[in-house]
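**Student:** Sequence plus the predicted model coming up.
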Amino acid sequence: MPKTKNIPTNKIGGTHTSLIPVAETIVDILVKNELVKKISPGIIKSYRGGGGARKHIKILNSDNEASFSITATDNSNNQKIRIYVKDSKDKEVVENLLIKKTKEKGITTS
């Protein structure tokens, strides 16, 4: 699984730096956004599935006003990513940008 590359270290946090392909796409989109303060990738979980080329993200609600989580699914792997924004009002802007950019790349969203 690919490691993060060409990503500013001041925006990536946590101890997990490996990313599944869909998560790598998300990080590439978000790292360029000035409203995003920090991105923290989680552990990669594999499960048995029917195969196929499913690329999907799910935006999860968060109790914290200045962050949200995403579950990225790529075939039979998934990974949770927490995104921290500079201000609570920026969260919706970043979520909408992410939905738009991932749709352009053929990734479904829920």
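**Tutor:** Right, received. Where do you want to start? From a predicted model like this one, the values you see are computed outputs, not experimental measurements.
**Student:** so where's the longest helix in this protein?
**Tutor:** Longest helix in the chain by number of residues (criterion: DSSP state H): helix 90-104.
**Student:** mean confidence for that one?
**Tutor:** Averaging pLDDT along helix 90-104 gives 93.
**Student:** How far off centre is it?
**Tutor:** Centre-to-centre, helix 90-104 and its host chain are 11 Å apart (C-alpha atoms, centre = their mean, to the nearest Å).
**Student:** List the neighbouring strands of whichever helix or strand comes after that helix plus their orientation.
**Tutor:** Using DSSP states H and E, the helix or strand that directly follows helix 90-104 along the chain is strand 108-109. Using DSSP bridges, the strands paired with strand 108-109 are strand 55-60 (parallel).
**Student:** Buried residues, the partner strand. List them.
**Tutor:** 55, 57, 59 (16 or more other C-beta atoms under 10 Å). Every C-beta, even on glycine, is put in place using the N, C-alpha and C of the backbone.
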